[in-house]
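[1] Quick one, structure for this:
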Amino acid sequence: MKPEAHTASSDIGSDDDIPLYEARKQIYPQKIRGRFRSIKSAMAFIALGIFYLLPFVRWDRGPDAPGQAVLIDFVSKRFYFFFLEIWPQEFYYVAGLLILAALILFLMTALAGRVWCGYMCPQTIWTDLYMMVERLVQGDRRERMQLDAAPMSLNKFVRKSLTHTIWLVIAVATGVSFVLYFANAPTLLWEMATLQAPAAAYITVGILTFTTYALAGLMREQVCTYMCPWPRIQAALTDEYALNVTYAYDRGEPRASMKKAAAARAAGKPAGDCIDCGQCVNVCPTGVDIRLGMQLSCIQCGLCIDACNAVMDKVGRPRDLIMYDSEANLEARVEGKPHVRRIIRARTVLYTVLILFVSGLMLATLVNRSTEGVAAIHDRNPLFVRLSDGSVRNAYTLRLTNKQLQERTFGLSIAGVPGATLQVIGDDAGALTVDPDQTREIRVLVTTPEKLPAKASLPITFQIRDVATGVEAKVKDHFIGP
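    Residues are numbered from 1 along each chain as shown. Here you go, the predicted structure:
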């Protein structure tokens, strides 16, 4: 028999009695060991290590370039990621990464439901860290419940104060680590310690401290249940073949204690493997009873699987009463049909193809990425000038870009306007120097003789050529006449 999921309306007489707000019920997750707990701990350790330590990783880009491996430099308008340097006009790389991340998340959801929420979501990772601190200071589930129920004492005050103090230290460290990605980490860390850092740094640290402490320490499962939109969105991205944490009700029901189950079996009556010990609920960080079916609060972390397997081992019953399984396979097993497992299906193929396409497009763009560029802006007022000798002149502002970490010299030429002459104000068109990793603006005058073609607007091409390597870059604009 499939257990019925509990609904809010099952305990009340009418919709008019439904409360608009329900106070949070304190959840005391119990410590558990097992395969999925080890995976969660490893993922959290890796993610936290990267976040806190990455700002201090160095990367040699040359004597005049930043030495931080990952740096978002607002001052010079650059994003550095190890050997990559992204300029503002190359924001499409960032957009491509965001699209790629979304597609990977869609594929993960199609394959294994909310696996992102259970193992890789920052809310989950920091909440796990805060729970570990709470468990170390206040004890496991039973000890924490007894401590909260006890009247205030010196022991309780010290334990609670120490817990919140460590939480605040972690929150501050989180905020500080975040701002270190926006400036040279050792320098900014020293400036913050000596109260010489910009006000924006302290404000950002304050905001991150508050949000980390509140979300991971105080709100916890409420963020996943009420604030996060992902559990509501994922319904459109998954289907009956996706793997989710599932209770095998065909094996587990009807539930009974070990003695009652043994007596029922001896009398020839049905008895399930579930002994109704409640361990799956006790270890759940969101307080979900997975035996009631899929629920919005379940983050698919698998801790209930570890707890149930440990109990099944003790009572001598087969493991995987709770396991990662698909709804289609569960229904097939109940009906006595063959095992169902469809990883390759329309949506997974579509997501995979899109991921490969976006990845290939970004890789091709990156491989063919140029380290020089030129942009042109035609003067708007006046559009052209008729000189005393009858010739026509147009003025432009050109921006030359040098993305290399060494000074370069470019030669400038034009094409497309017959008989036109080129003049760079204040410099030689054949030897325009641009500093390392910089741009340079120049004023350019293009003049044609009196006899113009019939068209009032002609396409013109500005071309720069690296004097040393011969590499070229072009930009097109228009030459406007009477």
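[2] how is the chain carved up into domains?
    By the assignment in automatic domain parsing, the chain contains the domains 23-224, 372-480.
[3] what's the closest of the ones you listed to residue 304?
    domain 23-224 (8.8 Å; C-beta to C-beta). Where you see a C-beta, it was placed from the backbone N, CA and C, and this is true even at glycine.
[4] Work out the gap between the closest one and the centre of the chain.
    Centroid separation for domain 23-224 versus its chain: 12 Å, with C-alpha atoms, centre = their mean, to the nearest Å.
[5] Check stretch 216-230 too.
    17 Å.
[6] Please save the CA atoms from that stretch in CSV.
    Taking C-alpha atoms only, stretch 216-230 is exported to CSV below (Å, rounded to 0.1, in the frame of the first residue of the first chain):
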residue,chain,number,x,y,z
ALA,A,216,22.8,29.3,7.2
GLY,A,217,22.5,29.7,11.0
LEU,A,218,18.9,30.8,11.7
MET,A,219,16.7,30.1,8.6
ARG,A,220,18.3,27.0,7.2
GLU,A,221,15.6,24.8,5.7
GLN,A,222,13.2,27.7,5.4
VAL,A,223,15.4,29.0,2.6
CYS,A,224,15.1,25.8,0.7
THR,A,225,11.3,25.4,1.3
TYR,A,226,10.0,29.0,1.0
MET,A,227,12.7,31.3,-0.4
CYS,A,228,14.3,29.3,-3.2
PRO,A,229,12.4,29.2,-6.5
TRP,A,230,14.3,26.1,-7.8
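[7] Go ahead and name everything in contact with that stretch.
    24, 27, 114, 116-117, 123-124, 126-127, 129-130, 164, 167, 171, 215, 231, 285-287, 296-297, 299 (C-beta atoms under 8 Å, 6 or more residues apart in numbering).
[8] from the residues you listed, which ones fall inside helices?
    Judged by DSSP state H, the subset of these located in helices is 116-117, 123-124, 126-127, 129-130, 164, 167, 171, 231.
[9] JSON lines please, covering those and showing neighbour count, pLDDT and distance to residue 109.
    Below are the ones in helices among the contacts of stretch 216-230 laid out as JSON lines (neighbours: other C-beta atoms under 10 Å; pLDDT from 0 to 100; distance: C-beta to C-beta, whole Å):
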{"residue": "116", "neighbour count": "18", "pLDDT": "92", "distance to residue 109": "7"}
{"residue": "117", "neighbour count": "21", "pLDDT": "92", "distance to residue 109": "10"}
{"residue": "123", "neighbour count": "18", "pLDDT": "95", "distance to residue 109": "17"}
{"residue": "124", "neighbour count": "26", "pLDDT": "95", "distance to residue 109": "15"}
{"residue": "126", "neighbour count": "25", "pLDDT": "96", "distance to residue 109": "22"}
{"residue": "127", "neighbour count": "24", "pLDDT": "96", "distance to residue 109": "20"}
{"residue": "129", "neighbour count": "21", "pLDDT": "96", "distance to residue 109": "25"}
{"residue": "130", "neighbour count": "22", "pLDDT": "97", "distance to residue 109": "26"}
{"residue": "164", "neighbour count": "16", "pLDDT": "97", "distance to residue 109": "35"}
{"residue": "167", "neighbour count": "21", "pLDDT": "97", "distance to residue 109": "31"}
{"residue": "171", "neighbour count": "24", "pLDDT": "97", "distance to residue 109": "30"}
{"residue": "231", "neighbour count": "19", "pLDDT": "84", "distance to residue 109": "10"}
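[10] quick check, nearest of those to residue 448?
    The shortest gap between residue 448 and any of the ones in helices among the contacts of stretch 216-230 belongs to residue 116, at 61.3 Å (C-beta to C-beta).
[11] from what I can see the closest one touches residue 106, true?
    No: the pair residue 116 / residue 106 is not scored as a contact, 10.2 Å apart, by C-beta atoms under 8 Å.
[12] the strands in the chain, which residues?
    With strands called from DSSP state E, the chain shows them at 70-73, 78-81, 84-86, 244-247, 322-325, 372-378, 385-386, 392-402, 408-415, 421-424, 432-434, 438-448, 457-466, 472-480.
[13] tell me the most buried of those strands?
    Across the strands of the chain, the average number of neighbours (mean count of other C-beta atoms under 10 Å) peaks for strand 244-247, which reaches a mean of 24.
[14] so where's the stretch 1-150 of the chain shaky on pLDDT?
    Where the stretch 1-150 of the chain drops to pLDDT under 70, the residues are 1-23.
[15] Distance to residue 359 added to the domains of the chain, as JSON lines?
    JSON lines is the format used below for these (distance: least, C-beta to C-beta, whole Å):
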{"stretch": "domain 23-224", "distance to residue 359": "6"}
{"stretch": "domain 372-480", "distance to residue 359": "23"}
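[16] what about those, which gets the closest to residue 332?
    Residue 332 lies closest to domain 23-224 among these, at 18.2 Å (C-beta to C-beta).
[17] picking up where we left off before, quick one: which of the domains of the chain is nearest residue 341?
    Nearest of the domains of the chain (C-beta to C-beta): domain 23-224, 11.2 Å.
[18] related to what we said a few turns ago, which one of the domains of the chain lies closest to residue 334?
    With C-beta to C-beta as the measure, domain 23-224 is the member of the domains of the chain nearest residue 334 (19.9 Å).
[19] I'd like to know which of the domains of the chain is closest to residue 308.
    domain 23-224 (9.5 Å).
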